[in-house]
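Enquirer: Sequence plus predicted model, see below.
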Amino acid sequence: MIHSTAAEMATKLAAGEISSVELTQQHLDRISVVDGQVHAFLYVDTEGALSQAAAVDAKRVAGEKLSPLAGVPLALKDVLTQKGIPTTCGSKILEGWRPPYDSTIVSKLKSAGIVILGKTNMDEFAMGSSTENSAYGPSHNPWDLTRIPGGSGGGSAASLAAFEAPLAMGTDTGGSIRQPAAVTGTVGVKPTYGGVSRYGLVAFSSSLDQAGPCARTVLDAALLHEAIAGYDPRDSTSINAPVPAVVAAAKKLDVKGMKIGIVKELSGDGYQAGVRSRFDEAIEELVNAGAEIVEVSCPNFEYALAAYYLIAPSEASSNLARFDSMRYGIRVGDDGVRGAEEVMKMTREVGFGKEVKRRIILGTYALSSGYYDAYYGSAQKVRTLITQDFAAAFSKADVLVSPTCPTTAFKIGEKSDDPLAMYLNDIATIPVNMAGIGGMSLPVGLAPEDGLPVGFQIMSPAMKDDLMYQVGGTLEAALLRKWGSPILSNAPALGAN
Ligand code: GLN
């Protein structure tokens, strides 16, 4: 039943109509048939997944009370630690590293009985929008294997679109959950910053990084969201407050009287025609469902991308200093004669890819004395202005919306030599990270000009994640009525099931 939703799988598991071992095996079989073409996975934990599944089945037979998603499989982005399982972050420098501990997310997944199939491909250290920066080769978009599945979490999104997994984990620093969701016709949610623990999430930019659910439906994302969210004393920025009731919100299917704000600056020029037209049609559906549309202006969003490319590299230059050849992963040139500094240099030269080096250099420069105030300091001020823009917009609307990305999936290789063109993919997703609020992308159809999926972004105020699920769930139901079948049923089939 690999084409079902996670919620449907959970229902069948609970009714005893399928076992978790059977369901897990079906997904492992699918992976072995199609992943040679998709390359969503960096590591498949066949034995571990089957033994987790068997343990859930045994508990169920024994009559234990289980969590809603118990026995459902999931694909884990390779930036989250899982004890004993290789974790590379898409980098050569961590090749062979097996973490000695579980991230809080993995602990929560395990205690919820969610079966971890393996680790998914990503841009190195989550820097990128296409997975082309992975040291292990790119993932391919199941809609068209010559195109990117987005990034950095392209492996997770591709695994969903190729029916290799019904659920996946992503992380989003500037758009790495939402942009891959948009270009693969799947759903991705960046929760409020602090809503999901960062303990065991290998840090890129600590003040922006946030893990979240990836799925094929809004309800599935909500179910996974509730399984992973909540306060964690091991993360100093974790929020100590109740998790918003996102599952109930995803089931409401009602937006009557809600105010939905279109962000003027995120929906004007520069968007592909088909992205724009599908966005406009989705807005009509929301109007038909009883929402009131208002236009809001966020003038400082213009500076978001520039500020992000100072803050994120600055934090990365500091966070990535820990990869020093001594503590984790590979060591190069240690001949017993060379000193530690020389070995460290040689290891970092070989171990880091081009984009990671570019960001470390940018960040080191931005933080250097004499420039710190002009670059990092100014970027932090822009961040405050963006947060104020959001606050003003949310005084006029319950949620804000925009297209998730300017275009549909581009070709592998098309932007890999042009970092600025690559960075522009995240023009509409980055403001959400800068302000620490919630953001979701869900599919709203195919662009007429290329037949590829278009993503619709919904943004909700901090700790009001339920609102984006309410609007997303309603829009998804309206579109399903209109189309008659889920968007992914239009994706070209990949091999045998
Ligand atoms: N594409 C953006 C970048 O390269 C965002 C990545 C992310 O969210 N991890 O930084």
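Expert: It's in.
Enquirer: quick one, what contacts the spatially most central residue of the chain?
Expert: Residue closest to the mean C-alpha point of the chain, counted by Cα atoms, centre = their mean, is residue 177 at 2.0 Å. For residue 177, the contact set (Cβ atoms under 8 Å, 6 or more residues apart in numbering) comprises 153, 170, 171, 188, 189, 190, 212, 214, 441. Using the backbone N, CA and C atoms, a C-beta is placed for each residue, glycine as well.
Enquirer: Distance of residue 128 relative to residue 175?
Expert: The gap separating residue 128 from residue 175 is 11 Å, by Cβ to Cβ, to the nearest Å.
Enquirer: Ramachandran coordinates for the residue of the chain positioned farthest from its centre?
Expert: Most distant residue from the mean C-alpha position of the chain: residue 337, 43.8 Å away (Cα atoms, centre = their mean). Here is the backbone geometry of residue 337 (degrees, to the nearest 10): phi -110, psi -40.
Enquirer: got it, and residue 198?
Expert: phi -100, psi 0.
Enquirer: Identify the farthest-apart pair in the contacts of residue 177.
Expert: Longest distance between any two of the contacts of residue 177 is 14.4 Å, between 171 and 441; criterion Cβ to Cβ.
Enquirer: out of the two, which sits in the busier spot?
Expert: Neighbours per residue (other Cβ atoms under 10 Å) separate residue 171 from residue 441, with residue 441 holding more: 35 against 25.
Enquirer: Now do the SS call for that one.
Expert: strand (DSSP: H, G, I helix; E, B strand; the rest coil).
Enquirer: Contacts only, for it.
Expert: So residue 441 contacts 177-179, 181-182, 187-189, 404, 429, 455-457 (Cβ under 8 Å, 6+ apart).
Enquirer: switch to 6 Å and redo it
Expert: Neighbouring residues of residue 441 by Cβ atoms under 6 Å, 6 or more residues apart in numbering: 178, 181, 182, 188, 404, 455, 457.
Enquirer: and which of those is nearest to the ligand?
Expert: Distance to the ligand across the contacts of residue 441 (Cβ to the nearest ligand atom) is lowest for residue 178, with 8.5 Å.
Enquirer: How many residues are close by the closest one?
Expert: Residues contacting residue 178 under the criterion other Cβ under 10 Å number 35.
Enquirer: wait, isn't it in contact with residue 188?
Expert: Yes: Residue 178 is within contact range of residue 188, at 5.0 Å (criterion: Cβ atoms under 6 Å).
Enquirer: hang on, residue 356 in a helix?
Expert: Yes: counting by three-state DSSP, residue 356 is part of a helix.
Enquirer: any idea of the pLDDT on it?
Expert: In this model, residue 356 is scored at 98, pLDDT.
Enquirer: and the residue nearest to residue 35 when sequence neighbours are not counted, backbone torsions?
Expert: The shortest distance from residue 35 to any non-neighbouring residue, by Cβ to Cβ, 6 or more residues apart in numbering, is to residue 41 (5.5 Å). The phi and psi values for residue 41, taken as degrees, to the nearest 10, are phi -110, psi 140.
Enquirer: Number of residues surrounding residue 41?
Expert: Around residue 41 there are 24 residues (other Cβ under 10 Å).
Enquirer: For the residue in the stretch 1-150 of the chain that the ligand sits nearest to, give me its contacts.
Expert: At 3.5 Å from the ligand, residue 126 is the closest residue in the stretch 1-150 of the chain, using Cβ to the nearest ligand atom. For residue 126, the contact set (Cβ under 6 Å, 6+ apart) comprises 79, 152, 173, 176, 204.
Enquirer: my read: the first one touches residue 90, true?
Expert: No: checked against Cβ under 6 Å, the pair residue 79 and residue 90 is beyond contact range at 7.9 Å.
Enquirer: Tell me which helix or strand residue 118 sits in.
Expert: Assigned by DSSP states H and E, residue 118 belongs to strand 115-120.
Enquirer: ditto for residue 105
Expert: Residue 105 belongs to helix 104-111, assigned by DSSP H and E.
Enquirer: in that helix, what counts as buried?
Expert: 104, 105, 106, 107, 108, 109, 110 (16 or more other Cβ atoms under 10 Å).
Enquirer: Same question for stretch 239-258.
Expert: By 16+ other Cβ under 10 Å, the buried positions in stretch 239-258 come out as 239, 243, 244, 246, 247, 249, 250, 251, 255, 258.
Enquirer: Alpha carbons of the lowest-mean-pLDDT helix or strand in the chain, in CSV - could you do that?
Expert: In the chain, no helix or strand scores lower on mean pLDDT, DSSP states H and E than helix 419-423, which sits at a mean of 86. C-alpha atoms of helix 419-423 as CSV (Å, rounded to 0.1, in the frame of the first residue of the first chain):
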residue,chain,number,x,y,z
PRO,A,419,25.5,30.7,-6.9
LEU,A,420,23.4,33.9,-7.1
ALA,A,421,20.8,32.3,-9.4
MET,A,422,20.7,29.4,-7.0
TYR,A,423,20.3,31.7,-3.9
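Enquirer: what ranges do the helices span in the stretch 151-300 of the chain?
Expert: Shown for the stretch 151-300 of the chain, the helices assigned by DSSP state H, counting those that start in this stretch span residues 154-161, 178-184, 218-228, 246-252, 273-288.
Enquirer: For the ligand, which of these is the nearest?
Expert: The ligand lies closest to helix 178-184 among those, at 6.9 Å (Cβ to the nearest ligand atom).
Enquirer: one step back: for the residue nearest to the residue of the stretch 1-150 of the chain closest to the ligand when sequence neighbours are not counted, what are phi and psi?
Expert: In this structure, residue 126 finds its nearest non-sequential neighbour in residue 152, 4.1 Å apart by Cβ to Cβ, 6+ apart. Note on residue 152: backbone dihedrals following degrees, to the nearest 10 are phi -80, psi -20.
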